[in-house]
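Q: Need the 3D shape of this:
(2 chains)
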Amino acid sequence: MEDDFDGGTVKKFMFVNRKAPYGTIYALEVLEMVLISAAFDQDVHLAFLDDGVLQIKKGQDTKDLGHKNFSPTYRALEGYDIEKLFVEQESLEERGLTAADLMVDVEVISRADMAKLMGEMDVILTA
Amino acid sequence: MKFGILVNEGPYNHQASDSAYQFAKAAIEKGHEVYRVFFYYDGVLNATRFSEPPTDDRNVVKNWQKLAEDHKVDLVVCVAAGLRRGIVESSLAPGFRISGLGQLIEAGIQADRLIAFGD
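A: Below is the predicted model:
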């Protein structure tokens, strides 16, 4: 699989997180894509918007839910050299949150700037 | 143009797999290349050989299978997403193969456009 990969190409990848962390499996399985992408030495970006901003909210406790709490993985992304995390300002505000409520270092940008950033990407994967 | 296709939803419950199939078929008919179709999330359920829809409706699994047969399209099912949902080697319909998420990233690198079907 990885053997036939052409190591020369570096593309701008963006993983767009739009859904709450629990309730559906999308957030968890996007994270699995992100971790694999790190092995390919690509220019990886993560975007959090809509309910997706809740994925990186501090203090998640899933005990009563019976789900694995996978939120510590976001803090581990730095170790995979995935450090370009963008959060949409309006999505935070709509949910009464600020950057101080988030568990990782992010760049908070406006909806308009998020759209601009997306326009610069080669590959966008959303869920 | 060289297309990569990502199918993010299972058959019948959602239009995504049908739309992806129609897109792939049309692209090939127009002379484009479909580099790979990758099945992720519930999309892995499109690969089950146990699907038997009523005969007066389309057969989503068979549609993909035929596309693979006729045009040698590479149909790849994510191993991790498949294991969660009971899609393993022995449950695969002909034409599908199981591999890792690296195959999706690689398709994103190799293809001119990676098109995702789902919400």
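Q: Poorly predicted segments of chain A, please.
A: A:1-7 (pLDDT under 70).
Q: Look at B:R85 and say how many residues are nearby.
A: Residues lying near B:R85 (other Cβ atoms under 10 Å in any protein chain shown) number 18. For the C-beta atoms, the positions are set from N, CA and C on the backbone; glycine is no exception.
Q: what about it, distance to chain A?
A: 10 Å (Cβ to the nearest Cβ, to the nearest Å).
Q: isn't that residue right up against B:Y40?
A: No: B:R85 lies out of contact with B:Y40 (Cβ atoms under 8 Å); the separation is 10.8 Å.
Q: so B:L114 sits in a strand?
A: Yes: checked against DSSP: H, G, I helix; E, B strand; the rest coil, B:L114 lies within a strand.
Q: my read: it touches A:M121, true?
A: No: using Cβ under 8 Å, B:L114 makes no contact with A:M121, being 10.7 Å away.
Q: Pick out whichever of these two has more residues nearby.
A: With neighbours defined as other Cβ under 10 Å, B:L114 and A:M121 compare such that B:L114 has more, 24 against 16.
Q: excluding its backbone neighbours, what's nearest the more buried one?
A: B:G4 (4.2 Å; Cβ to Cβ, 6 or more residues apart in numbering or on different chains).
Q: ok, now B:E33?
A: That would be B:K2: by Cβ to Cβ, 6+ apart, it lies 4.8 Å from B:E33.
Q: Would you list the phi and psi of the one you found?
A: With angles defined as degrees, to the nearest 10, B:K2 sits at phi -100, psi 120.
Q: Test my guess that it contacts B:G31.
A: No: the criterion here is Cβ under 8 Å, and B:K2 misses it with B:G31 at 11.6 Å.
Q: Say whether chain A is contacted by the lengthiest helix in chain B.
A: Looking across chain B with DSSP state H, the single longest helix is helix B:16-29. No: Helix B:16-29 does not reach chain A (Cβ under 8 Å from any Cβ of the partner chain); its nearest approach is 11.7 Å.
Q: ok so, going back, compare B:K2 and B:G31 and say which is more crowded by neighbours.
A: Neighbour count, other Cβ under 10 Å: between B:K2 and B:G31, B:K2 has more, with 14 against 7.
Q: List the contacts of residue 91.
A: All of this is about chain A. Residues in contact with A:S91 (Cβ atoms under 8 Å, 6 or more residues apart in numbering or on different chains) are A:F48, A:L49, A:D50, A:G52, A:V53, A:R111.
Q: could you do chain B instead?
A: B:A47, B:T48, B:R49, B:F50.
Q: Confirm that the residue nearest to B:L114 sits in a strand.
A: Yes: counting by three-state DSSP, B:G4 is found in a strand.
Q: Now for it, how many residues are close by?
A: Neighbours of B:G4 (other Cβ under 10 Å): 26.
Q: Show me what it bridges to in the sheet.
A: For B:G4, the beta-bridge partners are B:R36, B:L114 (DSSP bridges).
Q: State the distance from it to A:Q42.
A: 14 Å (Cβ to Cβ, to the nearest Å).
Q: quick one: the residue nearest to B:L114 and B:F38 touch, right?
A: Yes: counting by Cβ under 8 Å, B:G4 does reach B:F38; the two are 7.1 Å apart.
Q: what is in contact with those two at once?
A: Joint contacts of B:G4 and B:F38 (Cβ under 8 Å, 6+ apart) are B:L104, B:A107.
Q: A:S37: what's it in contact with?
A: A:F13, A:F15, A:V44, B:I105.
Q: May I have stretch B:22-31 exported as PDB, CA atoms only?
A: Extracted C-alpha coordinates of stretch B:22-31, given in PDB (Å, rounded to 0.1, in the frame of the first residue of the first chain):
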ATOM      1  CA  GLN B  22     -23.400   7.600 -10.900                       C
ATOM      2  CA  PHE B  23     -20.600  10.100 -10.800                       C
ATOM      3  CA  ALA B  24     -17.900   7.400 -11.300                       C
ATOM      4  CA  LYS B  25     -19.800   5.800 -14.100                       C
ATOM      5  CA  ALA B  26     -20.400   9.100 -15.900                       C
ATOM      6  CA  ALA B  27     -16.700  10.200 -15.400                       C
ATOM      7  CA  ILE B  28     -15.500   6.900 -17.000                       C
ATOM      8  CA  GLU B  29     -17.900   7.200 -19.900                       C
ATOM      9  CA  LYS B  30     -16.600  10.700 -20.600                       C
ATOM     10  CA  GLY B  31     -13.000   9.300 -20.700                       C
END
